[in-house]
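Colleague: got a sequence here, can you model it:
(chains A and B)
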Amino acid sequence: MEIPYSIKEREDTGLINSKLGIWIFLASEIMLFGGLFSAYIFLRIAAPPGDFDYWASKLSVPMATVNTMVLISSSVSMVMAWASLKLNDFSKYKIYLGITILCSFIFMVIKYFEYTGKFHHDIFPSSSTFMAIYFTLTGLHGLHILGGVFVMLYFYLPVSHKLWHDQPEHFTNRIEVLGLYWHFVDLVWIFLFPVLYLL
Amino acid sequence: MSSEHSKESIQEHIRVYLMVFGALGVLTVITVLASFLEVSTSEGIFLALIIASVKASLVAGYFMHLISEKSMIISILLLTVFFFFVMIFLPLISYIDHASI
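Modeller: Residues are numbered from 1 along each chain as shown, chains lettered A, B, ... in the order given. Model prediction:
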C-alpha cells in the first residue's frame, strides 16, 4: 500500500505529510525543552547567590566545546547526505550518513566520560539544584541523540539501498525529515552549551 | 523547501552549507572566548544568548531550509515561538510579583 502524499504535496497544505508531521512534532519539542529552560531560569533566580556558578565550574568546558563542534559537523554531514541524494549519488549519501553516525557516537562517548567523571567525584543529580537541572537537560538531549542514531542506523543498513532503488524521491524525503529532526537536536545543544557551561 | 531542484541549485546549496559550517565553528570559538570577558553576569548572559541565537538562526534558516519554507510551516513555528516566549517569561513574572510583595 502506498503512503499518501509522501512524494506529491497536498493541495491544501502545499506540503508532503511527513514534513508537516515532523514540524508539528518539532513544535512540541520546542515546548518540551522550552519548559525545561524556563525551569532553569526559575531555579537560577531562586538559587542562593553564587550557587549555580559554583556547580557550573565543575563542568568541563573543553569537553563541551568539542561536543559542540562534533554536533555541528554531524549537522553539516546530515544535510550533505540529503544533498547527495538530490544529486542521485547514493554512495556519497552513505559516506555522509556514516560520518553523521560516527559524530553522534563520538558525542555520546564524550558525554559518557563527562557523566562518569562527575560520578567519580560523587556528583549526582541529587547533589545540587544545578546538577539536577544539568542532568535532566543533558540526559533528555542525550536520549534524543540516541533516538536519532537508531533511525540513522536503519537508513544506513543494506535495506536503504532497496528503499532508494524502489522509490528514490520518497527515500530522499525521508532523509530530509530525519535531517530536520537531527538539526533540531543540534539546535537544542547550541543553547544548552552556553546556558549550562558558560554562564 | 521546494521539491524541485536542479543540479546547479543543489551545488549552490552545498556551497552555502559549507559557509554556514565555517560560520558556526567561528561562532562557537567566539562563544567560549566571550565567557572569559570581564563583564557583568547580565551582560555575559545577553552576549552568550545573542551568539547562540545567531547560530540557531543559521542552522534553522539554512540546514533546516526555513529561509525558503512554505508559509504553513512558518505559521506553525510563529505560534510555537509565541508560546515559547510566554513560557520563558513566566518565571520572570513570578520573580517581579515576589519582589513587589
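Colleague: quick one: low-confidence residue ranges for chain B.
Modeller: Scanning chain B with the threshold set as pLDDT under 70 gives B:1-5, B:99-101.
Colleague: give me the residue at the spatial middle of it.
Modeller: residue B:56 (2.8 Å; Cα atoms, centre = their mean).
Colleague: tell me the contacts of residue A:156?
Modeller: A:94, A:97-98, A:101 (Cβ atoms under 8 Å, 6 or more residues apart in numbering or on different chains). For the C-beta atoms, the positions are set from N, CA and C on the backbone; glycine is no exception.
Colleague: can you tell me how far it is from chain B?
Modeller: 20 Å (Cβ to the nearest Cβ, to the nearest Å).
Colleague: now do residue A:14
Modeller: Counting by Cβ to the nearest Cβ - residue A:14 and chain B are separated by 5 Å.
Colleague: I'd say that residue and residue B:73 touch.
Modeller: No - judged on Cβ atoms under 8 Å, residue A:14 makes no contact with residue B:73 at a distance of 9.3 Å.
Colleague: compare those two (neighbour count), which wins?
Modeller: With neighbours defined as other Cβ atoms under 10 Å in any protein chain shown, residue A:14 and residue B:73 compare such that residue B:73 has more, 24 against 14.
Colleague: all strands for chain B, in order.
Modeller: With DSSP state E as the definition, chain B shows no strands.
Colleague: show me where it has helices.
Modeller: B:7-34, B:41-58, B:71-99 (DSSP state H).
Colleague: just chain A next, same as before
Modeller: Going by DSSP H, chain A shows helices at A:17-46, A:51-56, A:61-86, A:90-120, A:129-156, A:159-166, A:168-192.
Colleague: packing partners of the longest one?
Modeller: If I follow you right, that is helix A:90-120. helix A:61-86, helix A:129-156, helix A:159-166, helix A:168-192 (3 or more Cβ pairs under 8 Å, 6 or more residues apart in numbering or on different chains; DSSP states H and E).
Colleague: those: which one's closest to residue B:11?
Modeller: helix A:61-86 (8.6 Å; Cβ to Cβ).
Colleague: so the closest one versus helix A:129-156, what angle?
Modeller: 30 degrees (axes from the mean of the first three to the mean of the last three Cα atoms, to 10 degrees).
Colleague: just want the angle from helix A:61-86 to helix A:168-192.
Modeller: Using the same axes, to 10 degrees: helix A:61-86 against helix A:168-192 is 160 degrees.
Colleague: between helix A:61-86 and helix B:41-58, how big is the angle?
Modeller: 20 degrees.
Colleague: quickly note the distance from the residue nearest to the centre of chain B to chain A.
Modeller: 5 Å.
Colleague: so how many other residues sit close to residue 66?
Modeller: You didn't say which chain, so I picked chain A. 14.
Colleague: wrong one, chain B
Modeller: Residue B:66 has 18 neighbouring residues, counting by other Cβ under 10 Å.
Colleague: what do you get for residue B:25?
Modeller: 15.
Colleague: wait, isn't it in contact with residue A:71?
Modeller: No - the pair residue B:25 / residue A:71 is not scored as a contact, 11.6 Å apart, by Cβ under 8 Å.
Colleague: stretch A:31-45 near chain B at all?
Modeller: Yes - using Cβ under 8 Å from any Cβ of the partner chain, stretch A:31-45 comes into contact with chain B via A:31, A:34-35, A:37-39, A:41-42, A:45.
Colleague: mind listing what's buried along that stretch?
Modeller: A:33-34, A:37-44 (16 or more other Cβ atoms under 10 Å in any protein chain shown).
Colleague: in chain A, what spans have low per-residue confidence?
Modeller: Using pLDDT under 70, nothing in chain A is flagged.
Colleague: hang on, the earlier thing: could you dump the helices of chain B to JSON lines with distance to residue A:55?
Modeller: Converted to JSON lines, the helices of chain B look like this (distance: least, Cβ to Cβ, whole Å):
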{"stretch": "helix B:7-34", "distance to residue A:55": "19"}
{"stretch": "helix B:41-58", "distance to residue A:55": "15"}
{"stretch": "helix B:71-99", "distance to residue A:55": "19"}
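Colleague: for the ones you listed, which one sits closest to residue A:181?
Modeller: Of the helices of chain B, the one closest to residue A:181 (Cβ to Cβ) turns out to be helix B:71-99, at 14.3 Å.
Colleague: that closest one close to chain A?
Modeller: Yes - Helix B:71-99 is in contact with chain A by Cβ under 8 Å from any Cβ, via B:71-73, B:76-77, B:79-81, B:83-84, B:87-88, B:90-92, B:94-95.
Colleague: please consider this matter closed, and thank you.
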